[in-house]
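>>> Sequence plus the predicted model coming up.
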Amino acid sequence: MTRLGFVLASDSCIGCHACTVACKSEHDVPLGVNRTWLKYVETGSFPNTGRSFTVMRCNHCDDAPCMTICPTSALHRASNGVVDFDDSRCIGCKACMNACPYDALYINPETNTAHKCNFCNHRVEVGLEPACVVVCPTHAIITGDLDDPNSEISKIVARDKVSVRAPEQGTNPKVFYRGVDQAALDPTRTRITDDGMIWADTTKDHPTITNVMAEHSGSGVIGRTAYTTTHPMTWKSKVSGYLVTKAVAAGVMAMAALMVILGHGDSASAAGVFPAVVAGVFTAITGVLLVADLKQPSRFLFILTKSNTSSWLVRGAWILGAFAAVTGLWGLLDLTGSNSALPWLALPQVVLAAGVAGYTAFLFGQCEGRDLWQTPLLLPTLLAQAVVAGGASYGILGLIIEVPEPGAVRIASLGGLGALALLIGTELVSHGSRSVELATLEMTRGAYARHFWLGGVVLGLVIPIALLASPAGGSSAGVAIAGVSALIGLFAYEDAYVRAGQSVPLS
């Protein structure tokens with residue numbers, strides 16, 4: 001067993017891009033994406049300025065988060081320690097792209113699967129060096145076995161001062177940098193200036209600190225990114241929508257179980273088949289959104305047939321399946337007049353509803369590259385959102401059916417809204433890292449501020465709480481309006497949260 005790794009000698013690199021060109025040629029990498037690329041960083045002020053060159057690529061981590069989150073084990077470790085990939089298993093879920101703290105993965109526009117540097121493993125396995133090593137004119141790229149004390153790379157790592165990218169993530173990367181400007185390794189310490197970059201027009205997909213981040217985060221930005229490559233945002237409105245639809249499904253069945261526990265199991269419309277149908281529809285919509293977000297949607301069954309059980313994408317699919325089965329049984333028992341059995345299903349239904357609402361906290365927790373999503377507050381936030389979504393749904397349904405225990409639904413809704421307000425407020429002042437601080441700034445003051453404040457706070461919290469706590473909360477119309485407002489606000493908040501979490505540059 002070997003542990004292949006790289007030493008990238010920035011003190012020898014001349015920025016010639018030979019490694020990038022060789023990589024593209026060796027692997028037929030399409031235009032617009034890169035397995036390996038060069039980043040130029042400029043520091044200092046005239047006339048005392050400097051430019052450093054840093055090669056960026058997959059770090060072949062010993063504890064690779066991309067492997068953990070990949071639902072089909074398309075990303076796997078070879079016997080030589082290289083993190084390789086299997087095109088035939090990839091479903092294009094893009095989870096690995098958010099799990100990687102180094103921006104190393106991309107979706108190949110020709111195959112619609114995730115690609116990255118794989119150490120030219122097809123060359124290494126037959127005794128050849130990676131293409132980038134062969135063409136480097138200054139021997140700035142060194143490879144070898146890190147477990148062999150006599151290898152050149154082991155001697156450099158042991159003898160010289162070397163650094164790794166994002167060591168705080170605990171991934172144990174096997175790419176080491178020698179003679180590097182530390183600003184080049186931390187993308188939050190440099191930014192692309194308003195006058196652009198050399199050799200490239202900047203786009204919204206170029207990772208950089210935004211004006212809001214730079215203005216309100218205090219010191220930290222000490223240089224300019226003069227050249228880098230693009231990295232489009234990975235998860236967008238489909239993921240935001242899926243968070244809401246599964247919250248509705250889980251919340252509706254949790255409320256139905258509450259009504260059964262309170263002795264209203266014989267109310268078929270409000271506690272039996274009706275909520276089961278609503279939950280079934282929204283569970284189906286959740287599945288449609290998940291499949292539609294895949295780059296290889298025809299392979300969606302690989303989640304079940306080629307499962308990596310450590311991935312919360314797989315575990316979430318199991319939870320959704322179990323929830324759908326119990327929900328279907330719930331409705332069937334009511335249709336066949338077996339309402340007396342519903343109390344026995346109430347507890348399993350509540351547990352599965354909590355699982356459906358909350359498993360995304362663990363999925364996002366596997367996205368090591370997105371610090372905003374690592375908060376321990378995410379699980380209680382998702383559970384509170386499910387309560388709010390369930391109460392909101394029943395508030396809307398109250399216009400067409402008679403809802404027993406409307407007071408209990410109203411109290412549960414207010415409790416969920418109050419808890420959600422407290423959790424969001426706590427999250428705004430709890431900055432666990434600089435990346436969390438920057439993402440929070442972008443969410444509350446930057447590109448997603450309107451989504452957050454007008455949508456998430458005003459529509460999602462203030463208006464529903466005001467309506468439910470006022471005399472209007474006793475009328476069906478008032479409760480329904482509060483429900484519609486809460487659901488719109490919930491989507492707006494989730495969309496701001498999902499996008500802001502991906503707004504902090506990783507490379």
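Looks like it arrived, so ask away. Numbering: from 1, shown residues only.
>>> Can you name the residues that contact residue 394?
Going by Cβ atoms under 8 Å, 6 or more residues apart in numbering, residue 394 touches 252, 255, 270, 403, 409, 483. The way it works is simple: take the backbone N, C-alpha and C, and place the C-beta from them, glycine included.
>>> Now intersect those with the helices, please.
252, 255, 270, 409, 483 (DSSP state H).
>>> Just the pLDDT at the third one, thanks.
Model confidence at residue 270, expressed as pLDDT, equals 79.
>>> surely it meets residue 406?
No. Residue 270 lies out of contact with residue 406 (Cβ atoms under 8 Å); the separation is 9.8 Å.
>>> neighbour-wise, which of those two wins?
Neighbour count, other Cβ atoms under 10 Å: between residue 270 and residue 406, residue 270 has more, with 22 against 17.
>>> Can you give me the neighbour number for the residue lying closest to that one once chain neighbours are set aside?
Leaving aside its chain neighbours, residue 270 sits nearest to residue 403 (5.1 Å; criterion: Cβ to Cβ, 6 or more residues apart in numbering). Applying other Cβ under 10 Å, we find 23 residues neighbouring residue 403.
>>> same check, this time on residue 143
For residue 143, the neighbour count with other Cβ under 10 Å is 20.
>>> try residue 375
Residue 375 has 18 neighbours, counted by other Cβ under 10 Å.
>>> Tell me the confidence at residue 397?
Confidence at residue 397, expressed as pLDDT, is 88.
>>> List the contacts of residue 5.
Taking Cβ under 8 Å, 6+ apart, one finds 60, 81, 143-146, 153, 174-176 in contact with residue 5.
>>> hang on, it in a strand?
Yes. Assessed by DSSP: H, G, I helix; E, B strand; the rest coil, residue 5 belongs to a strand.
>>> Quick check: it vs residue 102, distance?
Going from residue 5 to residue 102 by Cβ to Cβ, to the nearest Å gives 14 Å.
>>> Just flag the most distant two among the contacts of residue 394.
Comparing all pairs in the contacts of residue 394 by Cβ to Cβ, the longest separation belongs to 270 and 483, at 14.8 Å.
>>> Just want the phi and psi numbers for residue 37.
phi -150, psi 170 (degrees, to the nearest 10).
>>> Which member of the ones in helices among the contacts of residue 394 is positioned nearest residue 279?
residue 252 (4.8 Å).
>>> Mind putting the contacts of residue 5 into a markdown table with secondary structure?
Compiled in a markdown table, the contacts of residue 5 are given as follows (three-state DSSP):
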| residue | secondary structure |
| --- | --- |
| 60 | coil |
| 81 | coil |
| 143 | strand |
| 144 | strand |
| 145 | strand |
| 146 | coil |
| 153 | helix |
| 174 | coil |
| 175 | strand |
| 176 | strand |
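>>> Which of these has the largest number of neighbours?
Most neighbours among the contacts of residue 5, by other Cβ under 10 Å: residue 60, with 27 neighbours.
>>> Next one: that residue from residue 347, what distance?
In this view, residue 60 and residue 347 are 46 Å apart by Cβ to Cβ.
>>> swap in residue 132?
Residue 132 is 57 Å from residue 347, by Cβ to Cβ.
>>> which of those two has more neighbours?
Each of residue 132 and residue 347 has its neighbours counted (other Cβ under 10 Å); residue 132 has more, 26 against 11.
>>> looking at this, the more buried one is in a strand?
No. Secondary structure of residue 132 (three-state DSSP): helix, not part of a strand.
>>> tell me which element the residue nearest to it when sequence neighbours are not counted falls in.
Spatial nearest neighbour of residue 132, excluding adjacent residues (Cβ to Cβ, 6+ apart): residue 19 at 3.7 Å. Residue 19 is part of helix 18-27, with elements assigned from DSSP states H and E.
>>> Contacts for that helix, please.
29, 34-38, 55, 115, 117, 120, 123, 131-132, 134-137, 141.
>>> Emit the ChimeraX select command for whichever of these are buried.
Typed into ChimeraX, the line below selects the buried ones among the contacts of helix 18-27, using 16 or more other Cβ atoms under 10 Å:
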select :29,34,35,36,37,38,55,115,117,120,131,132,135,136,141
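>>> In helices, which of the contacts of helix 18-27 appear?
123, 131-132, 134-135.
>>> Low-confidence stretches in this protein?
Applying pLDDT under 70 to the chain flags residues 219, 265-269, 473.
>>> could you pull out the strands for it?
Assigned by DSSP state E, the chain shows strands spanning 4-9, 37-45, 48-56, 75-77, 83-85, 106-107, 114-115, 141-145, 162-163, 175-178, 190-191, 223-227.
>>> how about JSON lines for those strands, with distance to residue 340 added?
As requested, the strands of the chain are exported to JSON lines (distance: least, Cβ to Cβ, whole Å):
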{"stretch": "strand 4-9", "distance to residue 340": "64"}
{"stretch": "strand 37-45", "distance to residue 340": "65"}
{"stretch": "strand 48-56", "distance to residue 340": "63"}
{"stretch": "strand 75-77", "distance to residue 340": "49"}
{"stretch": "strand 83-85", "distance to residue 340": "53"}
{"stretch": "strand 106-107", "distance to residue 340": "52"}
{"stretch": "strand 114-115", "distance to residue 340": "51"}
{"stretch": "strand 141-145", "distance to residue 340": "67"}
{"stretch": "strand 162-163", "distance to residue 340": "67"}
{"stretch": "strand 175-178", "distance to residue 340": "63"}
{"stretch": "strand 190-191", "distance to residue 340": "65"}
{"stretch": "strand 223-227", "distance to residue 340": "67"}
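>>> out of those, nearest to residue 285?
Once these are compared by Cβ to Cβ, strand 106-107 is nearest, at 24.2 Å.
>>> For the closest one, name the packing helices and strands.
strand 114-115 (3 or more Cβ pairs under 8 Å, 6 or more residues apart in numbering; DSSP states H and E).
>>> The nearest residue to residue 206 once chain neighbours are set aside: neighbouring residues, count only.
Once flanking residues are discounted, residue 206 sits nearest to residue 230: 5.3 Å by Cβ to Cβ, 6+ apart. Neighbour count for residue 230, taken as other Cβ under 10 Å: 16.
>>> do residue 407 as well
10.
>>> Return the distance of it relative to residue 1.
For residue 407 relative to residue 1 (Cβ to Cβ), the value is 65 Å.
>>> Of the strands of the chain, which is nearest residue 374?
For residue 374, the closest of the strands of the chain is strand 75-77, at 20.5 Å, according to Cβ to Cβ.
>>> got the contact list for that closest one?
64, 66-67, 83-86, 96, 114.
>>> again with stretch 231-242
Stretch 231-242 has contacts (Cβ under 8 Å, 6+ apart) with 94, 97-98, 103, 106, 205-207, 286, 289-290, 292-293, 491, 494-495, 497-499, 502-503, 505-507.
>>> Start and end of it, how far apart?
The first and final residues of stretch 231-242 sit 23 Å from each other (Cα to Cα, to the nearest Å).
>>> In that stretch, which residues are buried?
By 16+ other Cβ under 10 Å, the buried positions in stretch 231-242 come out as 231-235, 238-242.
>>> Show me how the record splits the chain into domains.
Partitioning the chain according to automatic domain parsing yields domains covering residues 4-227, 237-501.
>>> Single out the most deeply packed of those.
domain 237-501 (a mean of 20; mean count of other Cβ atoms under 10 Å).
>>> now the end-to-end length of it.
13 Å.
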